[in-house]
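> this one's structure only:
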């Protein structure tokens, strides 16, 4: 079902215009609601999750993700040093690629630089800044929206036409399921992720009183610029040991190794709202991020002032800089292959 620039309503989804880009492109939004009353909003710019409202047993509704109320702010946020990437789909390669270069089939690929000397989150004109196409919306039980983006060969100097598809499904069990697929016309590298900042107390609070647990025993060692050294280190007796529950740290920007795929990779709990979120993925790592520039000079949702501890990201993905690290999981996608990624954010009251 092709969705053009229309406005329509069914029992559990609404599509309408979210605004116009400076180039005159219409950016649509889609709102999905399940039978429990949980509601998400996704916009075509960056295939971005702008809102996730969870009803509680006490009758309150809590929006557990950070974001903006208008398209202009999402666009302008990428002009800020340390852009927050609120709710965005990240690609072609999430995380840092050292010195903005990697070798593929004996050829050096020079990428654009947007983080010191490195390429971060796909470079300057990345997937988060693109207007995706809404390909399909499914109403009824477990409503979903599918968005696509065709990244032409040479975009940010990555080889191959890359055809990406992402489906958000809101299940009746209060799971937000993200299914990614991609195909390419040439050998290329790919690492997609989701960059929502979660806050189970609501996007007007702080995550510092929420409890974090990561079953991972290992983390990717990084330099002071956040680039992997190539080593995998144990978390035991370090500040990165979250195998037992701890309060969220005020600052963290690290990838944790997932050894048991499709098991729970991370858990976040709010005692204030008696709400728990579990993160489940088939990816080799989850990158935990707190302390970034969420306190932007832009006006946030509901006119709130965010701060560095307003949210926590769970970026399920391959390791950063894997194209340059032979011991890391393979990041190369070839023609006739299909990249597949699945991540679930599951919510339940305690």
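That came through fine. What you are looking at is a predicted structure, and each value in this text was computed from that prediction instead of being measured.
> name the nearest residue to the residue nearest to the spatial centre of the chain, ignoring sequence neighbours.
Among the residues of the chain, residue 194 comes closest to the average C-alpha position under Cα atoms, centre = their mean, at 1.2 Å. Leaving aside its chain neighbours, residue 194 sits nearest to residue 178 (5.8 Å; criterion: Cβ to Cβ, 6 or more residues apart in numbering). Heads up, the C-betas are built off the backbone N, CA and C, glycines and all.
> run through the bridge partners of the residue nearest to the centre of the chain.
Under DSSP bridges, the beta-bridge partners of residue 194 are residue 89.
> can you classify residue 181 by secondary structure?
strand (DSSP: H, G, I helix; E, B strand; the rest coil).
> wait, what's in contact with the residue nearest to it when sequence neighbours are not counted?
Counting by Cβ to Cβ, 6+ apart, the nearest residue to residue 181 once its immediate chain neighbours are dropped is residue 165, at 4.9 Å. With contact set as Cβ atoms under 8 Å, 6 or more residues apart in numbering, residue 165 has these partners: 135, 146, 147, 148, 180, 181, 182.
> look at residue 222 and say how many residues are nearby.
The criterion is other Cβ atoms under 10 Å. On that basis, residue 222 has 18 neighbouring residues.
> how far away is it from residue 311?
Distance, residue 222 to residue 311, using Cβ to Cβ, to the nearest Å: 21 Å.
> and if you look at residue 248?
Relative to residue 311, residue 248 is positioned 10 Å away (Cβ to Cβ).
> could you do residue 164 as well?
From residue 164 to residue 311 the distance is 25 Å (Cβ to Cβ).
> any low-confidence regions in this structure?
Low-confidence segments of the chain, defined by pLDDT under 70: 1-11.
> can you give me the helices for it?
According to DSSP state H, the chain carries its helices in the segments 71-76.
> tell me what residue 61 is bridged to.
In this entry, residue 61 is beta-bridged to residue 55, by DSSP bridges.
> and it, how many neighbours does it have?
By other Cβ under 10 Å, the residues close to residue 61 number 12.
> what's it in contact with, if anything?
Under the contact definition (Cβ under 8 Å, 6+ apart), the residues listed for residue 61 are 37, 53, 54, 55.
> give me the number of neighbouring residues for the last one.
As a burial measure, the neighbour count of residue 55 was computed by other Cβ under 10 Å and equals 15.
> state the distance from it to residue 20.
Going from residue 55 to residue 20 by Cβ to Cβ gives 32 Å.
> and what of residue 198?
Between residue 198 and residue 20 the computed distance is 29 Å (Cβ to Cβ).
> again, but for residue 246
Relative to residue 20, and taking Cβ to Cβ, residue 246 is found at 45 Å.
> one more: residue 158?
Plainly put, residue 158 is 28 Å away from residue 20 if you go by Cβ to Cβ.
> the more surrounded of the two?
Just comparing residue 158 and residue 20: by other Cβ under 10 Å the higher neighbour count belongs to residue 158, 25 against 12.
> the nearest residue to the more buried one once chain neighbours are set aside: what's it in contact with?
Here the nearest residue to residue 158 in space, its sequence neighbours aside, is residue 92; by Cβ to Cβ, 6+ apart that works out to 5.0 Å. Contact criterion Cβ under 8 Å, 6+ apart gives 122-123, 126-127, 151, 155-156, 158, 162, 188-192 as the residues in contact with residue 92.
> how many residues are close by the spatially closest residue to residue 240 that is not a sequence neighbour?
If you skip the residues right next to it in sequence, residue 240 has residue 219 as its closest partner in space, 5.0 Å away by Cβ to Cβ, 6+ apart. Using other Cβ under 10 Å, residue 219 has 23 other residues around it.
> my guess is residue 219 meets residue 258, correct?
No - Residue 219 is not in contact with residue 258 according to Cβ atoms under 8 Å; the separation is 11.1 Å.
> which strand residues bridge the residue nearest to residue 240?
When bridges are assigned using DSSP bridges, the partners listed for residue 219 are residue 233, residue 256.
> what residues are up against residue 319?
When contacts are counted by Cβ under 8 Å, 6+ apart, residue 319 touches 95, 220, 228, 255, 284, 285, 325, 328, 329.
> residue 23 is in contact with residue 75, correct?
No - taking contacts as Cβ under 8 Å, residue 75 lies outside contact range of residue 23: 10.3 Å.
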